[in-house]
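1. build me a model from this:
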Amino acid sequence: MKLQHSLILISLACLLAGCEQLGLETPAAQLARDEAEGNAIGGGCRLAGRGLEDCYQINKRSPKAAIYTGWRDMDAYMRDNKLDVVKPESQMQQPQTPPPAQAQPAPLPQSSFRPLEPAESGNAAVPQNSTGKPISTPAKRVVKS
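-> Next up is the predicted model:
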């Protein structure tokens, strides 16, 4: 009986020791990760020549204090080592909308149907398809009630 209890306790201890591998983060670990990520983002923004406000706008989910710390540290590093800004090869495209006064309406899709033209003899126009042939229409049913 005591052997079973000791085996259960040992197995529980082993399982609980592996909780970090399950992806469960403590609030302190999550805060440290967010700080490190913010520092990296700020440093990257400074190295790419982005302004601090632009960096805040692009990375809204990261803490501003961490972004500022990374940006400031990279600025000091670049000044000390006389490094130039490294322009990114692929520019991030901001969605550009034309001003409302210059907005053009979207073109309408091309239709294969032509509008009906009145017949010259005074009769109703006969519908035609895109090749100019008359379209046969079913006869109308008269339903008496």
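
2. longest helix in this protein, by residue count?
-> Identified as the longest helix of the chain according to DSSP state H is helix 27-47.

3. what residue ranges in this structure score low on pLDDT?
-> Confidence mapping of the chain against pLDDT under 70 gives the ranges 1, 14-23, 91-105, 108-130, 132-143, 145.

4. tell me the buried residues in the longest helix of the chain?
-> If you call a residue buried by 16 or more other C-beta atoms under 10 Å, then helix 27-47 has these buried ones: E35, E37, G38, N39, I41, G42, G43, G44, C45, R46, L47. For every residue, glycine as well, the C-beta is placed using N, CA and C.

5. for it, packing partners?
-> Helix 27-47 is packed against helix 52-58, helix 64-80, with contacts defined by 3 or more C-beta pairs under 8 Å, 6 or more residues apart in numbering; DSSP states H and E.

6. so which of the buried residues of helix 27-47 comes closest to E53?
-> C45 (10.2 Å; C-beta to C-beta).

7. please name the nearest non-neighbouring residue to the closest one.
-> C55 (3.7 Å; C-beta to C-beta, 6 or more residues apart in numbering).

8. hmm, the one you found is touching R72, no?
-> No - applying C-beta atoms under 8 Å, one finds C55 not in contact with R72, separated by 11.6 Å.

9. quick one: which of these two has more around it?
-> Between C55 and R72, counting by other C-beta atoms under 10 Å, C55 is the more crowded of the two (22 against 15).

10. tell me the spacing between the more buried one and R46.
-> As defined by C-beta to C-beta, to the nearest Å, C55 lies at a distance of 8 Å from R46.

11. any common contacting residues for these two?
-> W71 (C-beta atoms under 8 Å, 6 or more residues apart in numbering).

12. state the distance from K60 to R46.
-> 18 Å.

13. between C55 and R72, which contacts overlap?
-> Joint contacts of C55 and R72 (C-beta under 8 Å, 6+ apart) are G42.

14. alright, that wraps it up for me.
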